[in-house]
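**Student:** coords below, sequence missing:
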């Protein structure tokens, strides 16, 4: 049976204003629709008010403007979604890391593993690598020579961290992520490609989350840098010498080409693509599926997506996209000719 | 030497109408061009008729409309491509799973592994996990706590299945796939992102195939669900709380954002992207490279792709895409002015 | 302390013309901005001349046209970037492979591992697999039955090579790459998908580099082929029966659909997508984010990207993309009407 908490004790711990029965017991968080009578739920947007009426939840988290929208026991908070995140984190703490090195792990004798750290089964830790206090390296992970994993960070299964790279404190790295592989550095000479050794590192700040199968390349000469608090979804590709500013959030399938600089507090939508060697200012939002080809110096939201339609309609319209220059020329010509006609009449 | 079969025995086993020598022996399937005199081939589309004339194959599978298109020994079937699939499956059965747990695998003593199941070298199986009859867990896989793998399913090397997730029966999961990593759930508070615990699961139905390095996130509150018979290619990203309807096929590099619902018998082309919180009806086809931003209630094919051209021509035309509103305004104005001129003449 | 070399000795070994002090000692390569007084740097493009004035480097590599652009000790080379690549490779040789099979590796007794090869911790090598001289298989890799790894090739951690596939000599394969998973071959029959066994192989030539989490599927009937000298970045998807011509370079996140043929010396920009069953000629460049839907018979650069703008501006313009056919019709009508007016005036 899950542990449960009095609603009043939750408010005591996390703040907010309590309205209604403080003694109702909360076992878990849930959505409005699926909440059971032992769950707490939340209302993030007024368009979900109809579901609020129907919810089976024991209690609900509401914004100040909706304080009377329900007769359920409720917590009023200026930011109901963030409050909900805190309740959920309280009710669902991360799995406790059991300290110790699994018998099947292969840890070089020069590596420094904190006594409170956990090294999973079949993980492999290279020479002079470091794993700090309460950090956890999952099964099948590989930590390269002289790489370091910060305190409290958790690497899920089958993560690879290349030599000399650094993961900060309290990071979460999901399965299959690859940190510090060689950047794509090649130079053509006499018809064949020569590899340029990638001697920079990948440096990941504190409180960064990295999604499953995301790849962050090491720098070519200087380092690739992911600043503190950055959140990366799955299958993102970050090329060599990119810098991602603090607290920027990047959705899945985004690609950032070499040496691009992304500002702080940016948001990149899914499958957005960023050219190399450009700079995005702080607080820039890029819409899903948008390719950014030049630097953005102003905050704001930027979009470039071909609007879909039925395939038949697309066929009819798309042919003109490749003749827009000609269409514009014809409009200019019409304007000139009509002007002449109009002037002739005067 | 490969085992071979009489053509007549293949028809006896798999159906279809046999024309010609039933005693010809078939060793393998092949394409029209590369077939050797011991192979059976097929004609899927009439545009390949010239290659049919040239083929070295011992026999061929034809549709009823092409029954006389070749003098080779042949099998007539209403669906030659599907018949070919069945012949190939008959001639190329999956590798037999050798039951047993490899010495180097690390299996928690509370895990339940069927006697007929196979656990590969260096695989790691967590507490209370289950692996059913004739299932096979490849080398280097990790199966998290209380996760389950259905009967006859095969996980290739280095697959990760997170805690509590479920893979159905007769599934195939290719190398590097990650099932059940945390969804991208974050809430901003005072300028930093708070993680929202992802407490749902990823539930994979029966007869599902999952491609290499594909990622399917667990649900935030409720579950992520992949229904029976879904076929997923490589490097697909499926976000938290998505539902993919039965027998839908999704090509490589597709991304589906959180809480999207994809109908049954849909087909998503490569690199298609689906917004979050939208619904696609059954039998929807999305073309490759198309971003779908809103729900689709009608079956049909939908496309939104910028037509490519030479770079020079693209440059000349693309500039007008960003001024279409202005161009349309000018056309409206011309219409008004010309109407005035015409009326003045009357 | 790093080993260092006299500038004169570098020129003696790698060619080029030396101007200035031959005795200056070079420890490492660096960019113009970050070079320290023990580094050598290079000038690839004249737009970086201002940084050349400021550099702290000990020496610099210049093109003939810039031979007097600096008073530093310098090397003049017709191709400064390629020369730099060679200096860097000389100063940063790949990590030496320590021969031997790690105690924790699991190597089938029928596998043939060269005495000079290295098999990392927890790697798993299948029956009849071959690993040639000086090749290195990283920790956690899986090499399937009868697969082969050529001389001097290096597989980083957690790479999967399926049965019967072949990696040539001097290849580099980065972490998480999957070579030879099943192609996406399915045929519909009575509403469900039948799997078509993928009996071809993936054949990788010599001197190929494969990025992290890139996937290259095995062929359906014939083989998938990556020719010599091809360079692949991260998270690329190459489907079954694709052929990529020699010395072609492909940036991250590209997808190539089944049976496409890419010529030699092509360059595909990041996230470009190539339809199945089409052919790209030699020396074709595809811009980032471009979807190629039909064969390209002429060398050149091809682009098809929706130009981004502010979201507001995009909204205003994008609506017309779906009505271009109507707009073109109205322009044609205006032309007809205006012609009538003009003729009426004459």
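**Tutor:** Cool, got the structure. Just so it is clear, the structure is predicted and the values come from calculations on it, not from any experiment. Numbers count the residues shown, from 1 in each chain, chains lettered A, B, ... in the order given.
**Student:** contacts, neighbours, all on C-alpha from now
**Tutor:** Will do.
**Student:** Enumerate the residues of the stretch 151-300 of chain A near chain B.
**Tutor:** Applying Cα under 8 Å from any Cα of the partner chain, one finds that the stretch 151-300 of chain A approaches chain B through A:157-158, A:174-176, A:211-213, A:229, A:231, A:233-235, A:247, A:251-253, A:270-271, A:289.
**Student:** give me that answer again for 7 Å
**Tutor:** Applying Cα under 7 Å from any Cα of the partner chain, one finds that the stretch 151-300 of chain A approaches chain B through A:157, A:174-176, A:212-213, A:229, A:233, A:247, A:289.
**Student:** Take those and lay them out in a markdown table including distance to chain C and secondary structure.
**Tutor:** Below are those laid out as a markdown table (distance: Cα to the nearest Cα, whole Å; DSSP: H, G, I helix; E, B strand; the rest coil):
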| residue | distance to chain C | secondary structure |
| --- | --- | --- |
| A:157 | 11 | coil |
| A:174 | 13 | coil |
| A:175 | 10 | coil |
| A:176 | 7 | coil |
| A:212 | 11 | coil |
| A:213 | 7 | coil |
| A:229 | 24 | coil |
| A:233 | 14 | coil |
| A:247 | 22 | coil |
| A:289 | 9 | coil |
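**Student:** Adding pLDDT, write the residues you listed out as JSON lines.
**Tutor:** Shown next, in JSON lines, are those (pLDDT from 0 to 100):
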{"residue": "A:157", "pLDDT": "98"}
{"residue": "A:174", "pLDDT": "98"}
{"residue": "A:175", "pLDDT": "98"}
{"residue": "A:176", "pLDDT": "98"}
{"residue": "A:212", "pLDDT": "98"}
{"residue": "A:213", "pLDDT": "98"}
{"residue": "A:229", "pLDDT": "98"}
{"residue": "A:233", "pLDDT": "98"}
{"residue": "A:247", "pLDDT": "98"}
{"residue": "A:289", "pLDDT": "98"}
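**Student:** so can I have a markdown table of the residues you listed showing neighbour count?
**Tutor:** Formatted as a markdown table, the entries for these read as follows, by neighbours: other Cα atoms under 10 Å in any protein chain shown:
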| residue | neighbour count |
| --- | --- |
| A:157 | 34 |
| A:174 | 27 |
| A:175 | 36 |
| A:176 | 34 |
| A:212 | 37 |
| A:213 | 34 |
| A:229 | 25 |
| A:233 | 25 |
| A:247 | 24 |
| A:289 | 28 |
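**Student:** And the furthest pair within those residues?
**Tutor:** Using Cα to Cα, those span at most 29.5 Å, a distance reached by A:157 and A:289.
**Student:** what about the residue of chain A found nearest chain C, how many residues close to it?
**Tutor:** Per Cα to the nearest Cα, residue A:304 is where chain A lies closest to chain C, at 3.8 Å. For residue A:304, the count of nearby residues is 25 (other Cα atoms under 10 Å in any protein chain shown).
**Student:** what does chain A have sitting close to chain C?
**Tutor:** Counting by Cα under 7 Å from any Cα, chain A sits next to chain C at A:106, A:122, A:124, A:140, A:142, A:160, A:176, A:178, A:181, A:184, A:187-189, A:192-197, A:213, A:215, A:221, A:290-292, A:301-307, A:316-317, A:320, A:331, A:334.
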